[in-house]
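Visitor: Got a sequence here, can you model it:
(one chain, ligands or ions: 1)
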Amino acid sequence: MLLGPPGAGKGTQAERLRAEFDLVHLATGDLLRAAVAAGTDLGREAKRFMDAGELVPDAVVVGMIRERLSAGGSASFLLDGFPRSVPQADALDGMLAELGMPLDAVVSIAVSREELVRRLAGRWICRRCGRSFHEVFSPYGGEPCPSGDGTEPCDLYQREDDRPETVSNRLAVYEEQTAPLIDYYRARGLLREVDGERTPDEVHDGIVAHIPASPAG
Ligand code: AP5
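Guide: Down below sits the predicted model:
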């Protein structure tokens with residue numbers, strides 16, 4: 001599980017870990033944005049919370065995760081952006097116990113508020129492959145999008161909830177509702193802490209040092 005504030009680099013790191021460790025990447029933010037784009041009832045309900053930088057109700061995200069974990073067979077999962085509150089963490093505990101799946105490690109990525117604001121303000125995401133770029137820290141180089149036919153470039157956009165006023169609420173919501181999970185998992189002996197204010201490669205190496213299994217292939 002990757003735990004960290006908005007902009008800590010969870011999505012950036014998850015993309016690499018997923019491929020290296022052959023993991024199913026479960027990111028509630030991505031699942032919710034897909035539901036919004038598809039115009040489903042769930043997406044319509046979620047959108048007003050997301051646009052305001054608030055958490056989507058626990059029952060909605062817990063239901064989404066339950067469905068995917070149950071359908072996953074023997075796959076190993078990387079949770080990104082879930083759980084995000086103590087009730088969600090309690091629900092996850094119950095689900096994992098029912099499915100007989102152990103939680104190997106919870107990696108908390110720490111980044112200062114000033115840096116988070118800089119990262120979110122300059123973030124660009126590809127609609128097709130989902131990769132995150134940053135106009136200063138990791139600019140898109142114009143290479144073909146890996147999800148396209150090998151000739152098309154990435155199709156970049158900025159997220160609506162990366163506007164400064166929404167970012168400030170997302171950070172406040174993180175402190176109030178999600179940060180308590182650091183102590184929650186520390187008390188269970190599962191917490192591993194990584195300094196997220198280094199280069200993406202260095203953060204990656206810091207995370208890998210805490211992952212019990214070896215990379216696939
Ligand atoms: P979600 O999509 O999960 O957003 P988030 O947690 O706010 O995280 P972000 O995606 O903004 O940041 P990240 O940590 O992935 O950083 P990234 O790698 O992109 O959630 C969105 C919304 O959905 C929530 O607000 C909520 O409404 C709802 N939601 C989701 N899950 C929920 C749940 N469980 N319960 C209830 N509601 C839920 O990196 C950021 C930028 O920094 C990029 O530009 C990147 O290129 C750059 N960068 C990354 N690493 C580095 C580095 N080491 N150095 C320099 N730059 C870097």
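
Visitor: C-alpha from now on. contacts and neighbour counts both.
Guide: Will do.

Visitor: list the contacts for the most centrally placed residue in the chain?
Guide: Relative to the mean C-alpha position of the chain, the nearest C-alpha, by Cα atoms, centre = their mean, is the one of D80, at 3.3 Å. Applying Cα atoms under 8 Å, 6 or more residues apart in numbering to D80 gives the contacts 1-3, 10-11, 14, 25-28.

Visitor: same check, this time on L32
Guide: Taking Cα under 8 Å, 6+ apart, we find L32 in contact with 43, 46.

Visitor: Pretty sure it sits in a helix.
Guide: Yes - with DSSP: H, G, I helix; E, B strand; the rest coil as the criterion, L32 is located in a helix.

Visitor: how far away is it from P102?
Guide: From L32 across to P102, the span is 25 Å (Cα to Cα, to the nearest Å).

Visitor: next structured bit after the helix or strand I125 falls within?
Guide: The secondary structure element spanning I125 is strand 123-126 (assigned by DSSP states H and E). Moving toward the C-terminus from strand 123-126, the first helix or strand encountered (DSSP H and E) is strand 132-134.

Visitor: which residues are contacting that next one?
Guide: Identification of contacts with strand 132-134 by Cα under 8 Å, 6+ apart yields 11-12, 119, 122-126, 139-140.

Visitor: Could you pick out the residues of the protein near the ligand for me?
Guide: Within the chain, the positions adjacent to the ligand are 5-12, 28-30, 49-50, 53-58, 61, 81-84, 119-120, 122-124, 132-134, 137-138, 170, 196-200 by Cα under 6 Å from any ligand atom.

Visitor: in this protein, what spans have low per-residue confidence?
Guide: Counting by pLDDT under 70, the chain shows low-confidence ranges at 213-217.

Visitor: at 90 what do you get?
Guide: 71-75, 130, 137, 148-150, 163-165, 211-217 (pLDDT under 90).

Visitor: For it, which segments count as strands?
Guide: Listed in chain order, the strands of the chain (DSSP state E) span residues 2-3, 24-27, 77-80, 106-110, 123-126, 132-134, 156-157, 191-195.

Visitor: Need the winner for burial among the ones you listed.
Guide: Ranked by average neighbour count under the criterion mean count of other Cα atoms under 10 Å, the strands of the chain are headed by strand 2-3 at a mean of 24.

Visitor: Mind giving me the packing neighbours of that strand?
Guide: Applying 3 or more Cα pairs under 8 Å, 6 or more residues apart in numbering; DSSP states H and E, one finds that strand 2-3 contacts helix 10-21, strand 77-80, strand 106-110.

Visitor: Many thanks, have a good one.
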